[in-house]
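[1] Make a model of this:
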Amino acid sequence: MFQISASKSIGLNVAFYFFPTALSLLWLAWAGYWIASVAYEASTNKAKETERRVGGTGFLFLILLFVMLSPFGERGLLGWQYLFPPEALKVIGLITVTAGVTLAIWARRHLGSNWSGVPSLKKDHELITSGPYSTVRHPIYTGIMFGMVGSTLVLGTIGSLVVIFLAALVVAVRVKQEEGLMMSEFGNAYSDYRKRTKAIVPWLL
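    Below is the predicted model of the structure:
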């Protein structure tokens, strides 16, 4: 009986550390990819906007993720649990984060040289409507938001909900800016594209 209790205790300890560690590694993968993208952009593009791109949307998300995953997110009101997720729900959360991060990276790579860290138009900018952009117009944001929803399923804290709310505000502002730029550049072509796709959530929003 002692051996059974000891084995159960070890299993609980492994699960306790596994989920937050896996979650952190997934977001670190995204952060590393974003930073590498910004560094590459800076090395190949000497435009005046490069400095702004370094401090663009991605770093706002990194700050929000820092709050969610760091010890600061475990203190006071931010650390209160609104949910005590069972392991099955945590697994679903990790799968959601994995899918979200993968989608964000795929969408970023699919944009190629059309990508920038803040809303702006590149020289000879192209309207990309293939790959992940065939279903939603802003799949990078889709991936990030899905990842954050998955994170709160793993963490279950008030802080993780606050991060989702703040990230949604950032996304709403960025989408409005980007849509305005694309409409001014591509006109009817972008208007038609908007009619057959959703902005963030496939078939819904």
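[2] which residues touch the residue nearest the centre of the chain?
    Nearest to the mean C-alpha position of the chain, by CA atoms, centre = their mean, lies residue 144 at 1.6 Å. Each residue near residue 144 by CB atoms under 8 Å, 6 or more residues apart in numbering is listed here: 30, 61, 100, 104, 167, 171. Every residue, glycine included, has its C-beta placed from N, CA and C.
[3] what helix or strand is it on?
    helix 139-155 (DSSP states H and E).
[4] Next, the buried residues of whichever helix or strand comes after that helix.
    Next along the chain after helix 139-155, taking DSSP H and E as the criterion, comes helix 158-186. By neighbour count with 16 or more other CB atoms under 10 Å, helix 158-186 contains the buried residues 158-164, 166-167, 171, 174-175, 178-179, 182, 186.
[5] For residue 99, which residues are in contact?
    143, 146, 150.
[6] again with residue 152
    Neighbours of residue 152 in contact, by CB under 8 Å, 6+ apart: 83, 93, 160, 161, 163, 164.
[7] now do 7 Å
    Contact analysis of residue 152 by CB atoms under 7 Å, 6 or more residues apart in numbering lists 160, 161, 164.
[8] and these as a markdown table, adding distance to residue 129 and pLDDT?
    Converted to a markdown table, the contacts of residue 152 look like this (distance: CB to CB, whole Å; pLDDT from 0 to 100):
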| residue | distance to residue 129 | pLDDT |
| --- | --- | --- |
| 160 | 33 | 82 |
| 161 | 34 | 85 |
| 164 | 28 | 86 |
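[9] For stretch 191-205, buried residues please.
    193, 197, 199, 200.
[10] Point out where this structure drops to low pLDDT.
    Where the chain drops to pLDDT under 70, the residues are 1-16, 41-79, 117-120, 122.
[11] quick one, helices of it?
    Per DSSP state H, the chain carries helices over the ranges 2-44, 50-54, 57-69, 87-111, 139-155, 158-186, 188-196.
[12] looking at the ones you listed, which is closest to residue 127?
    helix 158-186 (5.0 Å; CB to CB).
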